[in-house]
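> no FASTA, just this:
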């Protein structure tokens, strides 16, 4: 057994709302290495530079590129297409949820949400992706 601690899992968070950024960073930052981006285009650029996070959490509606388009772009890539994605949104419509899931999102959580529920869903998605 090696004595070196394992590196924390890296999560990319795409959220343009400052308050939500702070909540996610504070809550997830104690468990994971969190990289924050205010829109999907910035996050996609980060991925294209060779950064492979363990999971992406994206707001559905961010400037430049929202969570749905980001999901489509990530899934279309052979390089980072397997990264799990959780969409956060204030939209509760079944149509939006179905659209995101069909585009390749692994989960969809409606805001406001309980941080413990996000953590539980995050663990389930990560467990499924590790097979």
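Okay, I see it. Fair warning: this is a prediction, and the values are worked out from it, not measured in the lab.
> centroid residue for the chain?
Closest to where the C-alpha atoms of the chain average out (Cα atoms, centre = their mean) is residue 57, at 1.5 Å.
> That one: what's it in contact with?
11-15, 24, 28, 85-86, 88, 118, 122 (Cβ atoms under 8 Å, 6 or more residues apart in numbering). In this view, the C-beta of every residue, glycine as well, is placed from N, C-alpha and C.
> Residue 38 now?
By Cβ under 8 Å, 6+ apart, the contact set of residue 38 is 14-16, 21, 62-63.
> what helix or strand does residue 95 sit in?
Per DSSP states H and E: residue 95 is located in helix 94-103.
> for that helix, packing partners?
helix 67-76, strand 85-89, strand 107-110 (3 or more Cβ pairs under 8 Å, 6 or more residues apart in numbering; DSSP states H and E).
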